[in-house]
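Asks: quick one, what's the 3D model for this:
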Amino acid sequence: MTVKPLVILPDPILRRVSDPVLRVDDAVRRLADDMLETMYDAPGIGLAGIQVGEPLRIVTIDLSKEDDPEKAPQVFLNPEILAGSDERSSYEEGCLSIPDYYAEVERPARVTVRWLGLDGQSHEEEVDGLLATCLQHEIDHLNGVLFIDHISKLKRDMVIKRFTKAARKSA
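Replies: The predicted model follows:
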């Protein structure tokens with residue numbers, strides 16, 4: 001497994017809509033392994049393919065904690081939200097592509113999601129809590145949407161300006 005470099009704001013690739021995974025093969029499984037390794041190294045709880053420069057509809061999530069080892073890392077290929085609840089929940093979100101910035105984001109509390117697993121089988125499930133938030137955040141990435149798009153324009157513009165300035169300094 002390889003730790004891949006993370007794509008950081010303001011890189012325009014983050015706004016690209018990712019392509020579907022057409023075949024579940026060894027290359028996709030290797031990418032999933034590399035994404036998990038990269039996510040753990042960061043450290044984070046979720047990662048979309050585009051965040052490592054791979055414009056494919058693949059998401060890795062691991063919400064396990066030392067006190068809850070039952071939850072295993074999950075890989076979602078071509079995930080899509082089929083429905084969202086009217087009930088809303090708010091979480092303080094962060095993003096590996098926007099390091100050290102966090103903001104409250106309101107999203108549906110529950111979503112019904114369909115995806116392919118690494119076994120090529122189709123899955124559908126209604127999820128809630130942190131998994132629902134994380135899936136919505138990562139699926140947004142697959143559609144070229146960042147969590148800062150869910151906050152006020154003023155705050156979003158300030159974040160983009162800060163990261164653009166930092167990128168210029170390091171170039």
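Asks: distance of the residue most central in space within the chain from L31?
Replies: Closest to where the C-alpha atoms of the chain average out (CA atoms, centre = their mean) is E138, at 2.5 Å. Note on E138: its distance to L31, by CB to CB, to the nearest Å, is 15 Å. (Glycine included, C-beta is placed from N, CA and C.)
Asks: circling back to that earlier point, does the residue nearest to the centre of the chain belong to a helix, a strand or coil?
Replies: helix (DSSP: H, G, I helix; E, B strand; the rest coil).
Asks: could you find the closest non-adjacent residue to it?
Replies: Spatial nearest neighbour of E138, chain neighbours left out: V59 (4.2 Å); criterion: CB to CB, 6 or more residues apart in numbering.
Asks: now do that neighbour: how many residues are near it, please.
Replies: Other residues lying near V59 total 28 when counted by other CB atoms under 10 Å.
Asks: residue contacts, it?
Replies: Neighbour list for V59: 46-49, 75-76, 79, 135, 138-139, 141-142 [criterion: CB atoms under 8 Å, 6 or more residues apart in numbering].
Asks: what's the span of stretch 111-130, first residue to last?
Replies: When the termini of stretch 111-130 are compared using CA to CA, to the nearest Å, they are 11 Å apart.
Asks: repeat for stretch 19-32
Replies: Termini of stretch 19-32 sit 15 Å apart (CA to CA).
Asks: buried residues in it, which are they?
Replies: Across stretch 19-32, burial judged by 16 or more other CB atoms under 10 Å covers 21, 24, 28, 31-32.
Asks: average pLDDT across it?
Replies: On average, the pLDDT along stretch 19-32 is 98.
Asks: the helix or strand harbouring V127 pairs with which strands, and in what direction?
Replies: According to DSSP states H and E, V127 maps onto strand 122-128. Partners of strand 122-128 in the sheet, by DSSP bridges, are strand 110-116 (antiparallel).
Asks: list the buried residues of the partner strand.
Replies: Buried positions in strand 110-116, judged by neighbour count with 16+ other CB under 10 Å: 110-113, 115-116.
Asks: report the distance from that strand to the chain centre.
Replies: 14 Å (CA atoms, centre = their mean, to the nearest Å).
Asks: can you get me a residue count around the nearest residue to P55 once chain neighbours are set aside?
Replies: With sequence-adjacent residues excluded and distances taken as CB to CB, 6+ apart, P55 is closest to S18, at 4.7 Å. Neighbourhood size, S18 [other CB under 10 Å]: 21.
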